[in-house]
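>>> Okay, structure incoming, though there's no sequence with it:
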């Protein structure tokens, strides 16, 4: 399935942010995967098409995980963070996404 099957506007809104953490860095080095925070109704084909469109790379596979929001207290009242979805995007061998490229100057 390619990017032609989805509207370009939808694909631009699927990816919210790259997930930067120790675990994400470890996974990126070990398995050549990149972790993204995505909209909660995104599908695997949409995520694949969005990454290929925005970063001009070949995506081998996509795995998704629904993350439950944590319960937090604000003084006496209890609150809850929103649930969200993250996507593990496995890139084809030799492909790389460099997030630091735009920060040079």
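Looks like it came in fine. Note that this is a predicted model, so its numbers are computed, not measured. Numbering: from 1, shown residues only.
>>> which residue is nearest the middle of this protein?
Taking CA atoms, centre = their mean, the centroid of the chain lies closest to residue 36, which sits 1.6 Å from it.
>>> Go ahead and confirm that residue touches residue 85.
No - the pair residue 36 and residue 85 does not pass the contact test of CB atoms under 8 Å, sitting 9.4 Å apart. Every C-beta, even on glycine, is put in place using the N, C-alpha and C of the backbone.
>>> pLDDT of stretch 86-95, averaged?
For stretch 86-95, mean pLDDT is 89.
>>> and it, how far apart are its ends?
End-to-end distance for stretch 86-95, by CA to CA, to the nearest Å: 20 Å.
>>> Which parts of it count as buried, going by neighbours?
Of the residues in stretch 86-95, 86, 87, 88, 89, 90, 91 count as buried by neighbour count, 16 or more other CB atoms under 10 Å.
>>> Now the fifth one: which helix or strand?
Using DSSP states H and E, residue 90 falls within strand 84-91.
>>> what's the offset of that strand from the middle of its chain?
Centroid separation between strand 84-91 and its chain, computed with CA atoms, centre = their mean, to the nearest Å, is 4 Å.
>>> ok, back up a step: how big is the angle separating the host helix or strand of the residue nearest to the centre of the chain from strand 84-91?
Secondary structure from DSSP H and E places residue 36 in strand 33-38. If you take axes from the mean of the first three to the mean of the last three CA atoms, to 10 degrees, strand 33-38 sits at 150 degrees to strand 84-91.
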